[in-house]
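Trainee: Sequence plus the predicted model coming up.
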Amino acid sequence: MLIKVFGSAVFGVEATTITIEINMEKGIGYHLVGLPDNAIRESSFRIQAALKNNGFKFPGKKIIVNMAPADLRKEGSAYDLSLALGILAASSQIKSEKIHDYIIMGELSLDGSLQPIKGALPIAIKAKEEGYKGFILPAQNAKEAAIVDGLEVYGVENITEVISFFDDEKPLEPTVIDTRAVFYDSLLSPEYDFSEVKGQESIKRCMEIAAAGGHNIIMIGPPGSGKTMLAKRLPSILPPMSLQEALETTKIHSVVGRTNGQIGLMAERPFRSPHHTISDVALVGGGAYPQPGEISLSHNGVLFLDELPEFKRTVLEVMRQPLEDREVTISRAKFTVTYPSSFMLVASMNPSPGGYFNDPDAPVTSSPAEMQRYLSKISGPLLDRIDIHIEVTPVPFEKLSDQSKAESSVEIRKRVTAARQIQTKRFAEISHIHYNAQMGVKQIKSFCKLDEASKDLLKTAMERLNLSARAYDRILKVARTIADLEGCDSITGTHISEAIQYRSLDRDGWLG
């Protein structure tokens, strides 16, 4: 008897439907074909034990299982449930009339209970696109898959529940989620708040500008000055994600199995902070069967690189193209995978190997030559992609002991969101640009026009401070964002003068 059951494989952030054909005839042997990996080949042992422990038989016949398309590599243990149900249907132990209407996925334990799978959201989206009636999967993944409207999602704890469902003995309750209600309920007070930061008003202002324009930022300062503390609070002032952005972000995290099973939809912007020993592949993504790296997991959020010069130079250089293209393409001989990677880069660093400025009273001092060598570990092309450089100084005791409460992230976010709305309207006709940091030369000429006084101010500053040529466009972009925060249509000398302050590393004597 021939039975067809449907599962799904995830490549990149997209799913592909897999047809599992099970043919049972006279003879002996279990033959699994269609490029399965070792986890799938071992499934027969898990299935056999699960069926026996739940009162069913593993047929002693010749069983041929084909996973089509046969030239596509299948991997993982998530096909256990679909294979088990196919074997039961092919041996007439359960009814098979409804089995082809559903995508069925799940890893079996030896007692028949189900373990969670990866990629539930992309699979559910594909199931809806292809017109399947429903999706049967482990209960731990049900809320994640139920984000997709118009698809019946059944979360099950044990294989017996699925068998009873197909035998019309006991119906399954579909998991229903009001996606919009869940999304907006999740936009509550952030875990980290700027009101907890004492002092550092100028740095908070700088972070607000970076958030408003989507600008990449680097902070330079000695240990204990608050660089990491400030960086962790940046997502709390970024504009709330749109529903589309939340779905995109959840999809990527679903592929690697890092979604929150209690909520399903990710409403908070991701904050990723990899250690400086990270490899190129772990950062950008890859492997024999490419998985998203840290830059894709921080899509629509923040990637924080602490102690930037300690990262291997090759690791930093692989970020150059994703920072421009907002996506990562990983190519293999037989296929190509593209992951989105639109993130804000926030980096921090000490000004010298010892961690302190050239200060004779500091615990550890470094010579100017050592400082120069240390700072030169960061390449010019990477700095080209960082709009804001800011020096962070230690907070004095008076500020630390001050009991007054600083401005909250909620208040700062209101101003940032208003500035982003201005930019959305400005770039409505340009498909690939959404905020000021993404502007190219053409857009800078159109939207960053200066009057004569502002031009003279910028010219004087560049000559006196020995600013490099790459600073010119960056200053204009940041000035445009400062003007947006104030609701000004045109850029004034005040905006230019503030933007000039945020180019520390371009000044003569920093990077030579």
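Mentor: Nice, I can see it.
Trainee: I'd like to know how far residue 421 sits from residue 135.
Mentor: From residue 421 over to residue 135 the distance is 37 Å, taken as Cβ to Cβ, to the nearest Å. Every residue, glycine included, has its C-beta placed from N, CA and C.
Trainee: Settle it for me: which of the two has more neighbours?
Mentor: Here residue 421 and residue 135 are compared on neighbour count by other Cβ atoms under 10 Å; more neighbours surround residue 135, at 29 against 12.
Trainee: surely that one meets residue 147?
Mentor: No: taking contacts as Cβ atoms under 8 Å, residue 135 lies outside contact range of residue 147: 11.5 Å.
Trainee: Overlap of the contact sets of those two?
Mentor: residue 124 (Cβ atoms under 8 Å, 6 or more residues apart in numbering).
Trainee: Give the next helix or strand downstream of the one helix or strand in the chain whose mean pLDDT sits lowest.
Mentor: In the chain, the helix or strand scored least confidently by mean pLDDT, DSSP states H and E is helix 179-185, which has a mean of 66. Moving toward the C-terminus from helix 179-185, the next helix or strand (DSSP states H and E) is helix 201-213.
Trainee: So what's the gap between the helix or strand that that following helix is followed by and the chain middle?
Mentor: Of the helices and strands lying after helix 201-213 in sequence (DSSP H and E), the nearest is strand 217-220. The chain centre lies 22 Å from the centre of strand 217-220; the measure is Cα atoms, centre = their mean, to the nearest Å.
Trainee: which helices and strands does strand 217-220 pack with?
Mentor: If contacts are counted by 3 or more Cβ pairs under 8 Å, 6 or more residues apart in numbering; DSSP states H and E, strand 217-220 sits against helix 201-213, helix 227-232, strand 344-349, strand 388-391.
Trainee: got the CA positions of the first one in PDB?
Mentor: As requested, the backbone C-alpha atoms of helix 201-213 are provided in PDB (Å, rounded to 0.1, in the frame of the first residue of the first chain):
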ATOM      1  CA  GLU A 201      23.900  63.400  29.100                       C
ATOM      2  CA  SER A 202      25.900  64.100  26.000                       C
ATOM      3  CA  ILE A 203      26.300  60.400  25.200                       C
ATOM      4  CA  LYS A 204      22.500  59.800  25.700                       C
ATOM      5  CA  ARG A 205      22.000  62.600  23.200                       C
ATOM      6  CA  CYS A 206      24.300  60.900  20.800                       C
ATOM      7  CA  MET A 207      22.500  57.600  21.200                       C
ATOM      8  CA  GLU A 208      19.200  59.300  20.500                       C
ATOM      9  CA  ILE A 209      20.600  60.800  17.300                       C
ATOM     10  CA  ALA A 210      21.900  57.300  16.300                       C
ATOM     11  CA  ALA A 211      18.500  55.700  16.900                       C
ATOM     12  CA  ALA A 212      16.600  58.400  15.100                       C
ATOM     13  CA  GLY A 213      18.700  58.100  11.900                       C
END
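Trainee: can you map out the strands along the stretch 251-400 of the chain?
Mentor: For the stretch 251-400 of the chain, applying DSSP state E, counting those that start in this stretch gives strands covering 271-272, 285-286, 291-292, 302-305, 327-331, 336-340, 344-349, 388-391.
Trainee: Which of these sits closest to residue 416?
Mentor: Nearest to residue 416 among these is strand 344-349 (12.0 Å), distances taken as Cβ to Cβ.
Trainee: helices or strands next to the closest one in the packing?
Mentor: Packing partners of strand 344-349 (3+ Cβ pairs under 8 Å, 6+ apart): helix 201-213, strand 217-220, helix 227-232, strand 302-305.
Trainee: so what strands line up beside it?
Mentor: Here strand 344-349 is paired, per DSSP bridges, with strand 217-220 (parallel), strand 302-305 (parallel).
Trainee: Check what contacts the last one and list those residues.
Mentor: Contacts of strand 302-305 from elsewhere in the structure, counted by Cβ under 8 Å, 6+ apart, are 228, 231-232, 234-235, 238, 269-274, 276, 294-295, 311, 343-348.
Trainee: Would you list the buried entries among those?
Mentor: 228, 231-232, 234-235, 238, 269-272, 274, 294-295, 311, 343-348 (16 or more other Cβ atoms under 10 Å).
Trainee: Low-confidence stretches in the protein?
Mentor: 179-180, 182-190, 260-264, 355-366, 506-512 (pLDDT under 70).
Trainee: In it, spot the helix with the most residues.
Mentor: For the chain, the helix reaching the highest residue count under DSSP state H is reported as helix 409-426.
Trainee: Convert the C-alpha atoms of the following helix or strand past it to CSV, please.
Mentor: Next along the chain after helix 409-426, taking DSSP H and E as the criterion, comes helix 441-447. Output in CSV follows, covering the C-alpha atoms of helix 441-447 (Å, rounded to 0.1, in the frame of the first residue of the first chain):
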residue,chain,number,x,y,z
VAL,A,441,25.4,60.6,-2.6
LYS,A,442,22.3,61.4,-4.7
GLN,A,443,20.0,61.6,-1.7
ILE,A,444,22.5,63.7,0.3
LYS,A,445,22.6,66.3,-2.5
SER,A,446,18.8,66.4,-2.5
PHE,A,447,18.0,66.4,1.2
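Trainee: distance between helix 441-447 and the chain's centre?
Mentor: On Cα atoms, centre = their mean, the centre of helix 441-447 falls 30 Å from the chain's centre.
Trainee: Check stretch 120-135 too.
Mentor: With Cα atoms, centre = their mean, you get 22 Å for stretch 120-135.
Trainee: which residues of the stretch 51-200 of the chain fall in strands?
Mentor: Going by DSSP E, counting those that start in this stretch, the stretch 51-200 of the chain shows strands at 62-68, 102-104, 107-108, 114-115, 134-138, 152-156.
Trainee: Dump those to TSV, plus distance to residue 460.
Mentor: Shown next, in TSV, are the strands of the stretch 51-200 of the chain (distance: least, Cβ to Cβ, whole Å):
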stretch	distance to residue 460
strand 62-68	69
strand 102-104	65
strand 107-108	66
strand 114-115	66
strand 134-138	64
strand 152-156	63
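Trainee: which one of these lies closest to residue 352?
Mentor: strand 114-115 (49.9 Å).
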